[in-house]
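Engineer: sequence first, then the predicted structure:
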Amino acid sequence: MPERVKTVEVRCTVNGEERTLHAYPMARLLDVLREELRLTGTKEGCGEGECGACSVLVDGALVNSCLVPVLQVEGATIKTIEGVANAEQLHAVQEAFISCGGAQCGICTPGMVLAAVNLLERVPEPDAAAIRNGLAGNLCRCTGYMKIFEAVVRACQTNGEQA
Amino acid sequence: MRAYLPAYELKTPRDLNDALDMLAREPGVWRPFAGGTDLMVLFEAGKLAHQKFINIWNLPELRGSETTAAHVTLGALTTYTDVQAHDVLQSEFPLLCHAASETGGLAIQNRGTLGGNIANASPAADSPPAFLVYDAELELVSQSGARWLSYQDFHTGYKQMLMRPDELLRAIRLPRAMKGWRQYYRKVGTRRAQAISKVCFAGAANVEQGQVREIRLALGSVAPTVVRCLKTEEFLKGRQLDDATISAARAELMKEIAPIDDIRSTANYRLRVAANVLEEFLSQLRNGDDHSA
């Protein structure tokens, strides 16, 4: 057997709760979220940073959780798809994905929603180019993107009406 | 096959000094690990041969930027997102900003670092052609001190560079000397988002009345390292930008570079496309199009 390194404790905040994770230091954040915390909303698509299915927010920044070793989230604040809705109240982006039919098989949806939520946090009124750019790292093989795009536009409108 | 996870060590040093100490005590045993956007891909594919890494992601000494009258100095951990948000880079170094905006999607731009793009030493990296055009300098630090070297001399062969195993890339310095230069950047990939380059071109020129005073041309993905095209530059210097010059410059460039066939493209395609983007740049210079990166 090859040499085994020691597992580490990593303290971080996940969806508002303080957690202590136990894992090998190079374990992918994706796997620790899914397997240790049972937050299986985060999906694995390509596993190489191309598709965005595993997108989560780390300290407010969109990242591919398949490319982040868990050791690097010590002290960080993480938001996964499970932390986007406020209890039973869906986020405006989630509502818009439902009303516009912005999902089919659903594998890209958690990452797509997080990318859209992050976009609207950074740019509350994005133009078409900004929406395309904000979602450029998230691939969808079902929808052809137009309904997702419409959902982001709808979410901006809803946000505007609420404001 | 996936990597055997328990075989991989990743340690967070207390500070820069501690990191340099680890590198010096066991030279070659520890390697730096920054944003992980390339290493984690190799890791997951079971192709990451090295197994002991120092997590440098949180070292403040490698972050931030400093702007003086003469230079902009960027910490090695400056991300592509940081680059795009930097006012002086946006106004004076558009090639670097353009490269940063076309490297992966947002999630990659939030983690990928300039230092990693340089030290990972891929000939297909997007920011190095810009660094060549800007005459960037690199600061390497170790327990025996700091040294600066020209980025142009840094890569000596495929994945080979002038960095000792006990050294860490701390900063990248750009001279603020591009006033009046016309700048051009073009990345050619399979698609616009998330693709790795087939050809990547950065150019800058000082042109007066259609005559080339000074010109710098750099290309990625056409040689074992990112390259400055000195012969083509020399050919163009002092010439009037007419059809004959542009056509001859194409031929010069095609003699100067020697791309290969690989999974992303063919040598023939790369040669043609490199000449085409050079032609596009020179035509814009001739026409006085206001196109900067």
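Structural biologist: Structure received. Numbers count the residues shown, from 1 in each chain, chains lettered A, B, ... in the order given.
Engineer: so where's chain A uncertain?
Structural biologist: Applying pLDDT under 70 to chain A flags the ranges A:1-2, A:160, A:162-163.
Engineer: report the central residue of it.
Structural biologist: By C-alpha atoms, centre = their mean, chain A has its centre lying nearest to residue A:56, at 3.1 Å.
Engineer: is any part of the helix or strand containing that one close to chain B?
Structural biologist: Counting by DSSP states H and E, the element that carries residue A:56 is strand A:55-58. Yes: counting by C-beta under 8 Å from any C-beta of the partner chain, chain B has neighbours in strand A:55-58: residue A:55. Bear in mind the C-beta positions are built from the backbone N, C-alpha and C, glycine included.
Engineer: and the helix or strand following that strand, what does it pack against?
Structural biologist: Heading C-terminal from strand A:55-58, the first helix or strand you meet, by DSSP H and E, is strand A:61-64. Here strand A:61-64 touches strand A:55-58, helix A:109-122, helix B:106-111, going by 3 or more C-beta pairs under 8 Å, 6 or more residues apart in numbering or on different chains; DSSP states H and E.
Engineer: distance to residue A:100 added to these, as a markdown table?
Structural biologist: What follows is the helices and strands packed on strand A:61-64, written out as a markdown table (distance: least, C-beta to C-beta, whole Å):
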| stretch | distance to residue A:100 |
| --- | --- |
| strand A:55-58 | 19 |
| helix A:109-122 | 11 |
| helix B:106-111 | 22 |
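Engineer: show me what counts as buried in the longest helix that chain A contains.
Structural biologist: What stands out as the longest helix in chain A, according to DSSP state H, is helix A:146-162. The neighbour-count check on helix A:146-162 (16 or more other C-beta atoms under 10 Å in any protein chain shown) flags A:147-152, A:154-156, A:158-159 as buried.
Engineer: show the contacting residues for residue B:45.
Structural biologist: A:48, B:2-3 (C-beta atoms under 8 Å, 6 or more residues apart in numbering or on different chains).
Engineer: quick check: phi and psi on it?
Structural biologist: Torsion angles at residue B:45 (phi, psi; degrees, to the nearest 10) stand at phi -80, psi 0.
Engineer: ok, residue B:155 next?
Structural biologist: phi -90, psi 120.
Engineer: let's verify the closest residue to it other than its chain neighbours: helix, strand, or coil?
Structural biologist: Nearest residue to residue B:155, sequence neighbours excluded (C-beta to C-beta, 6 or more residues apart in numbering or on different chains): residue B:225, at 3.9 Å. Judged by DSSP: H, G, I helix; E, B strand; the rest coil, the three-state class of residue B:225 is coil.
Engineer: give me the average confidence score over the strand or helix carrying residue B:248.
Structural biologist: Using DSSP H and E, residue B:248 falls within helix B:243-256. For helix B:243-256, mean pLDDT is 96.
Engineer: helix or strand right after it?
Structural biologist: According to DSSP H and E, the helix or strand after helix B:243-256 is helix B:267-287.
Engineer: pull out the buried positions in stretch B:148-166.
Structural biologist: Buried, per 16+ other C-beta under 10 Å, within stretch B:148-166: B:151-152, B:154-155, B:161, B:163, B:166.
Engineer: next, the contact list for residue 11, please.
Structural biologist: All of this is about chain A. A:18-21, A:74-75.
Engineer: my bad, chain B
Structural biologist: A:25, A:71, B:22, B:30, B:53-55.
Engineer: chain A contacts on the stretch 101-250 of chain B?
Structural biologist: So far as C-beta under 8 Å from any C-beta goes, the stretch 101-250 of chain B lies against chain A at B:104-108, B:110-111, B:192-194.
Engineer: out of those, which one sits closest to chain A?
Structural biologist: Taking C-beta to the nearest C-beta as the measure, chain A lies nearest residue B:105 of those, at 2.1 Å.
Engineer: who does the helix or strand harbouring residue B:207 pair up with?
Structural biologist: According to DSSP H and E, residue B:207 maps onto strand B:199-208. Here strand B:199-208 is paired, per DSSP bridges, with strand B:182-188 (antiparallel), strand B:211-220 (antiparallel).
Engineer: so for that strand, mean pLDDT?
Structural biologist: The model assigns strand B:199-208 a mean pLDDT of 95.
Engineer: please list the members of the buried residues of stretch B:148-166 that lie in strands.
Structural biologist: Those of the buried residues of stretch B:148-166 mapping onto strands are B:155, B:161, per DSSP state E.
Engineer: out of the buried residues of stretch B:148-166, give me the two with the largest separation.
Structural biologist: Distance extremes for the buried residues of stretch B:148-166: the farthest pair is B:152 and B:166 at 23.2 Å, using C-beta to C-beta.
Engineer: for chain A, which residue gets nearest to chain B?
Structural biologist: Closest point on chain A to chain B, by C-beta to the nearest C-beta, is residue A:137, at 2.1 Å.
Engineer: re earlier: now the buried residues of stretch B:148-166 in JSON lines, with pLDDT?
Structural biologist: Shown next, in JSON lines, are these (pLDDT from 0 to 100):
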{"residue": "B:151", "pLDDT": "96"}
{"residue": "B:152", "pLDDT": "95"}
{"residue": "B:154", "pLDDT": "96"}
{"residue": "B:155", "pLDDT": "94"}
{"residue": "B:161", "pLDDT": "94"}
{"residue": "B:163", "pLDDT": "95"}
{"residue": "B:166", "pLDDT": "97"}
